[in-house]
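Asks: A structural model of the following input is requested.
(2 chains)
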Number of protein chains: 2
Amino acid sequence: MKSGDLVNSSALDFGDAHTPPWAMAYHYGTGLHIEVKGAPDLPREPTLPPQPWVGTKPLNLGSLHGSPPRIINAEKSEFNEDQAACGKLCIRRYEFGAEEDQEWLTLCTEEFLTGHYWALFDGHGGPAAAILAANTLHSCLRRQLEAVVEGIVTTQPPMHLSGHCVCLSDPQFVEEKGIKTKDLVIGALECAFQECDEVIGRELEASCQVGGCTALVAVFLQGKLYVANAGDSRALLVRRDEIRPLSSEFTPETERQRIQQLAFVYPELLAGEFTRLEFPRRLKGDDLGQKVLFRDHYMNGWSYKCVEKSDLKYPLIHGQGRQARLLGTLAVSRGLGDHQLRVLDTNIQLKPFLLSVPEVTVLDMDQLELQEDDVVVMATDGLWDVLSNEQVAWLVRSFLPGNRDDPHRFLELAQMLIRSTQGKEDGPTVQGQVSYDDVSVFVIPLHSQGQGGSGP
Amino acid sequence: MKSGDLVNSSALDFGDAHTPPWAMAYHYGTGLHIEVKGAPDLPREPTLPPQPWVGTKPLNLGSLHGSPPRIINAEKSEFNEDQAACGKLCIRRYEFGAEEDQEWLTLCTEEFLTGHYWALFDGHGGPAAAILAANTLHSCLRRQLEAVVEGIVTTQPPMHLSGHCVCLSDPQFVEEKGIKTKDLVIGALECAFQECDEVIGRELEASCQVGGCTALVAVFLQGKLYVANAGDSRALLVRRDEIRPLSSEFTPETERQRIQQLAFVYPELLAGEFTRLEFPRRLKGDDLGQKVLFRDHYMNGWSYKCVEKSDLKYPLIHGQGRQARLLGTLAVSRGLGDHQLRVLDTNIQLKPFLLSVPEVTVLDMDQLELQEDDVVVMATDGLWDVLSNEQVAWLVRSFLPGNRDDPHRFLELAQMLIRSTQGKEDGPTVQGQVSYDDVSVFVIPLHSQGQGGSGP
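Replies: Numbers count the residues shown, from 1 in each chain, chains lettered A, B, ... in the order given. Here you go, the predicted structure:
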């Protein structure tokens, strides 16, 4: 397959001065075709007047100007549960009334702080939750950031958002807690995930739809890249001499102890239908009375127990690796939506075990001496199921240095990564493994001087 | 204070061929005196016949022979809530009857596998729980290990302890789960902590006593050092070119999200008396209606909220650093005991928030090229409150190389570390800070050829 076949060219504008630098490709899990999506504007907000970049050390993007987040899923397919969004985050500031009376606070029309936003959502049980998340999460985040922006632009957040102390020692309390401005951005991301989850719950219920999705978000703001993850997508920093995961996966396996602990505290959540204990395989009648390997909520290690009848129930978490399932139903333990999801033919709800809480990591760009080929690769599990971090890094490092003059090189890299999941790339580290899942990839150049600023 | 003043000499036998190599010193938090404790035998089990060391790569201890764990708290003081134990773990094997009928299993009288055990317990609310733990935990651990020893001595633990497969693919299930023999030792430690906690709960209730304790345990078995920790003691590996913490601390601060999450799921645990939210300081009437910094269970970052009346309640976790308290009462969030502990003048129990679950780390000695001065320093929080890991490592590295001919050098190092918490040692990294808490220190030489085997 030639590169040209892959490009839905009209849609592609990673060099567009109105979007942050990115390149994205995705593949529908039907095995039928590979597409590359660009950024036709979907639910676009009113364009705001241009505003210079605000931040300690911008990404050297050239002259980026104001533009609201844009949703890049132009042509939804019933087969594609992966959704994505990216764009500028335009954060406005509240204006205080003359009397500094909070009732007089109004949101200015001009943007005050500018960030960039990239997000991947991998849906299950249909694309509804992923589409809602792609259309909503950036707005939740913008609101959360606007609510605390006065604290973000100070050296240290004040105890009171107004900046006025009630106790003289308030700054000391904040300092002793070690609260930095980055903690407000982390808090805003965490609150935005909660808010978005509630919105999705309400919207799906109102429209009689179902489903959930994972969420992986990267935000560039004031010289730092924040990565928030709830689910099994992954963001990976690839540099010449460094491979650094910027997220961890949340699956029934990685969160086993939290999930078992909840079932231990609240046994009624299992309605007598499941066993909380983990065994290497599903037990059967022949195992009764035998001593078999097991582990409970308080164990990272394993021990043996004498099998009783109740151990023959279906396990709360069963299977290993990609096959591990929560209550026999879900392969992830964090994400958005799924408020109505129940175990087949029962009234047992998944949601109490599912969290919408993301883990947020922070990459301080000021601490990195960025090189031209440093990128962050964000992708849904379809990529990571068949390619290791090292394989992805190898592909990135093999491709970018030789293509520095190609303005589409980040896009081509994203396409190439997708092709590698289809067993269509030759390379010493890629063993022809094939992903049958949806695959979505963002390649975000961190140092885009000379590349990112100019369009094709 | 001269070194000679410190040594309770009759009790000291770190070179005793019947105990693992160790040196221990401790200090009662009254500020009155410093003592060094040795190993007078307290609740001694019947001595077992000598048995050669079993293991893949023993610590080069010379000719260690069978001796049960010995409790080294000979002279209990009502002022000393620190307790300790160390000794050999003699693990026996079950003997199968001729018919391999499990009812015929009997515990052999001869030891089958030998380990070494060191433990520190830092009591609160009196020394009762710490004394019980020092007298009990090693027996719980021995029982747990004896129950699974057949699995421990194989290359890979079998699905069924009997070694007989019910499914032909059982070995494959175990392999896919990645279960190794070390996981059985980790599981035995975890189960032993649970069992010991139950014993302490029963014993304290039966004797109308109260209290709890932290527990830090190191076990050397089959070429690996296992460190299990529940509380705020710490084990630190110090080598010539490496400082590696072998444990993490569990305090209301480090476990804030787990604790807040429990209060979120079970609000009745707070009986309307506490607020689940964290603020930089205790709020008061003047804060009402203001937007102040806060965080909830789903947040690692911070945000602002408008203060309501319910936010003025005492916080579930309050204070920072050493002053952080769970429900205004406890400075640790994991440990043994405290089954009856309630918030002063209320019926609010601490135990649901407290876990007896340890975190276990494993140090594979086969992977280390051990040097003569490589040690593990285990100590209660009294040491770490005033000395950083780097300061302790500096003291270790300053002291050991120049004293290689001294058979008491590990003991003297332990004493010196204690003295350093009393502002009595001069050194560029020790700033004369003073600990008013109990302090207990074990120094465990990892490579003791030429030192550990021979007594004074």
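
Asks: For chain B, what is the nearest residue in the stretch 301-450 of chain A?
Replies: Relative to chain B, the nearest point of the stretch 301-450 of chain A is A:G301 (2.8 Å; Cβ to the nearest Cβ). Every C-beta, even on glycine, is put in place using the N, C-alpha and C of the backbone.

Asks: residues contacting the nearest residue to that residue once chain neighbours are set aside?
Replies: Closest residue to A:G301 apart from its sequence neighbours, by Cβ to Cβ, 6 or more residues apart in numbering or on different chains: B:I186 at 2.8 Å. Residues in contact with B:I186 (Cβ atoms under 8 Å, 6 or more residues apart in numbering or on different chains) are A:299-302, B:226, B:360, B:362.

Asks: how does it look with 10 Å?
Replies: Applying Cβ atoms under 10 Å, 6 or more residues apart in numbering or on different chains, we find B:I186 in contact with A:295, A:299-303, B:180, B:226, B:228, B:358-362.

Asks: Between those residues, which sits nearest A:T214?
Replies: Relative to A:T214, the closest of those is A:N300; by Cβ to Cβ it sits at 24.9 Å.

Asks: measure that closest one to A:D311 for me?
Replies: Distance of A:N300 to A:D311, given as Cβ to Cβ, to the nearest Å: 20 Å.

Asks: I figured A:R325 was touching A:I317, is that so?
Replies: Yes. Using Cβ atoms under 10 Å, A:R325 is in contact with A:I317, at 7.3 Å.

Asks: Now the common contact residues for those two.
Replies: Shared contacts of A:R325 and A:I317, defined by Cβ under 10 Å, 6+ apart, are found at A:251-253.

Asks: Contacts (any at all) between chain B and stretch A:338-348?
Replies: No. Applying Cβ under 10 Å from any Cβ of the partner chain, one finds stretch A:338-348 separated from chain B by no less than 16.2 Å.

Asks: Isn't A:H164 up against B:D287?
Replies: No. If you go by Cβ under 10 Å, A:H164 and B:D287 don't touch, sitting 11.2 Å apart.

Asks: Check what pLDDT the residue in chain A sticking out farthest from the centre gets.
Replies: Farthest-out residue of chain A from its mean C-alpha position, per Cα atoms, centre = their mean: A:G289, at 45.2 Å. With respect to pLDDT, A:G289 scores 95.

Asks: Now do the end-to-end distance for stretch A:298-311.
Replies: 17 Å (Cα to Cα, to the nearest Å).

Asks: Buried ones in it, by neighbour count?
Replies: Judged by neighbour count using 16 or more other Cβ atoms under 10 Å in any protein chain shown, the buried positions of stretch A:298-311 are A:298-305, A:307, A:311.

Asks: which two from those end up farthest apart in space?
Replies: Counting by Cβ to Cβ, the most remote pair of the buried residues of stretch A:298-311 is A:N300 and A:V307, 21.7 Å apart.

Asks: sorry, back to before: out of A:R325 and A:I317, which sits in the busier spot?
Replies: Neighbour totals were compared for A:R325 and A:I317, and A:I317 leads with 24 against 19 (other Cβ atoms under 10 Å in any protein chain shown).

Asks: I'd say that one and A:E278 touch.
Replies: Yes. Using Cβ under 10 Å, A:I317 makes contact with A:E278 at a distance of 5.9 Å.

Asks: Between the two, which contacts overlap?
Replies: Common neighbours of A:I317 and A:E278, counting by Cβ under 10 Å, 6+ apart, are A:252-253, A:256, A:260, A:324.

Asks: The residue of the stretch 301-450 of chain A closest to chain B: what's it in contact with?
Replies: A:G301 sits next to A:295, B:148, B:179-180, B:182-191, B:226, B:360, B:362 when contact means Cβ under 10 Å, 6+ apart.

Asks: Restricted to helices, list those residues.
Replies: Among those, DSSP state H puts B:148, B:182-191 in helices.

Asks: returning to what we had before: return the distance of the residue of the stretch 301-450 of chain A closest to chain B relative to A:S162.
Replies: For A:G301, the distance to A:S162 (Cβ to Cβ) stands at 51 Å.

Asks: in the helix or strand where A:H138 lies, what counts as buried?
Replies: Here A:H138 is covered by helix A:128-152, with elements defined by DSSP states H and E. Of the residues in helix A:128-152, A:128-142, A:144-152 count as buried by neighbour count, 16+ other Cβ under 10 Å.

Asks: Could you confirm whether that helix reaches chain B?
Replies: Yes. Under the criterion of Cβ under 10 Å from any Cβ, helix A:128-152 makes contact with chain B via A:144, A:147-148, A:150-151.

Asks: What angle do helix A:128-152 and the longest strand along chain A make with each other?
Replies: Taking DSSP state E as the criterion, chain A has its longest strand at strand A:106-124. Counting by axes from the mean of the first three to the mean of the last three Cα atoms, to 10 degrees, strand A:106-124 lies at 140 degrees to helix A:128-152.

Asks: Could you list the paired strands of strand A:106-124 along with their orientation?
Replies: Strand pairing for strand A:106-124, determined by DSSP bridges: strand A:82-95 (antiparallel), strand A:212-221 (antiparallel).

Asks: which of these is buried the deepest?
Replies: Among the strands paired with strand A:106-124, strand A:212-221 has the highest mean neighbour count (mean count of other Cβ atoms under 10 Å in any protein chain shown), at a mean of 28.
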